[in-house]
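Below is the structure, and that's it, no one-letter string:
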C-alpha cells in the first residue's frame, strides 16, 4: 500500500480527529503512519501538543495507538515535564501507565518531581513518587526537592506530608 505524503494540514486534521472522532483518527493513522513521529506547531510532537492542551482522552488514544510517551520536543523535554508544569494530573497518570519515565530530566526545567513539588501539586508529586520518581535527584545547580518547596505555608506543609509518606525526609532532620 502506498502511503500519502504528510502535510501540516493532515497533522492538524489528525489532532482534531484524536480529540473529536477517534474512529477517523485511526483511519488517518492507518493512511499516514508517519503521524506517530510528526511535528506540529513550534516543532512539538502531536503527543506534546495534546498533552499540553489538556486533551486527556486524546492522549489516552495516542498511548493506546503506540505513540512514544517519552519522545522529546526541540528543548529535550518529554510530555511528562510539560504536564507537570501545568498540573495535568490525569494526563500524567495516563503517561505513567503507558511507560513514561518518572525520572526523565528536562533541558529547561529539571525533572517532573521537582516541578510538581515547586508548583505545589501534591497529587502529582504523590503519583510521581509512587511511579518511582527519585526524590534524591539533585539539579545541576544543587537543588533538592526541599529547595523547591512552595512558599505558601499550607502548600508547603501539604507537600512535606506527601514527601514524608514516601519516606523522603529533609536532610536537616
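Received the coordinates, thanks. Here the structure is a predicted model, which means the values were calculated and not measured.

Relative to the helix-or-strand element of the chain with minimal mean pLDDT, what are the paired strands and their orientations?
Lowest mean confidence among the helices and strands of the chain (mean pLDDT, DSSP states H and E): strand 105-106, at a mean of 84. Sheet pairing for strand 105-106, assigned by DSSP bridges, gives strand 110-111 (antiparallel).

which residues touch the partner strand?
By Cβ atoms under 8 Å, 6 or more residues apart in numbering, the list of residues contacting strand 110-111 from outside reads 81, 103, 104, 105, 133, 137, 139, 143. The way it works is simple: take the backbone N, C-alpha and C, and place the C-beta from them, glycine included.

Just the residues you listed: which are in helices?
residue 81 (DSSP state H).

filter the contacts of strand 110-111 to the buried ones?
Buried positions within these, assessed by neighbour count (16 or more other Cβ atoms under 10 Å), are 81, 104, 105, 133, 137.

could you dump these to a markdown table with distance to residue 63?
Compiled in a markdown table, those are given as follows (distance: Cβ to Cβ, whole Å):
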| residue | distance to residue 63 |
| --- | --- |
| 81 | 17 |
| 104 | 16 |
| 105 | 21 |
| 133 | 19 |
| 137 | 25 |
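
which one of those is nearest residue 55?
Taking Cβ to Cβ as the measure, residue 55 sits nearest to residue 81 out of those, at 17.2 Å.

and that closest one, what is it in contact with?
For residue 81, the contacting residues are 104, 106, 109, 111, 112, 115, by Cβ under 8 Å, 6+ apart.

How about residue 162?
Taking Cβ under 8 Å, 6+ apart as the definition of contact, the neighbours of residue 162 are 122, 125, 126, 129.

how close does it get to residue 73?
Separation of residue 162 from residue 73 (Cβ to Cβ, to the nearest Å): 28 Å.

sorry, back to before: may I ask which of the contacts of residue 81 has the most neighbours?
Greatest neighbour count in the contacts of residue 81, by other Cβ atoms under 10 Å, goes to residue 112: 35 neighbours.

Let me know how buried the closest residue in space to that residue that isn't next to it in sequence is, in neighbour terms.
Spatial nearest neighbour of residue 112, chain neighbours left out: residue 84 (4.0 Å); criterion: Cβ to Cβ, 6 or more residues apart in numbering. The number of residues packed around residue 84, counting by other Cβ under 10 Å, is 30.

in the chain, which ranges drop under the pLDDT threshold?
Scanning the chain for pLDDT under 70 picks out 1-4, 109, 172-173.

Please list all residues in contact with the residue nearest in space to the middle of the chain.
Among the residues of the chain, residue 80 comes closest to the average C-alpha position under Cα atoms, centre = their mean, at 1.6 Å. Listed by Cβ under 8 Å, 6+ apart, the contact set of residue 80 reads 69, 92, 95, 96, 100, 101, 102, 104, 112.
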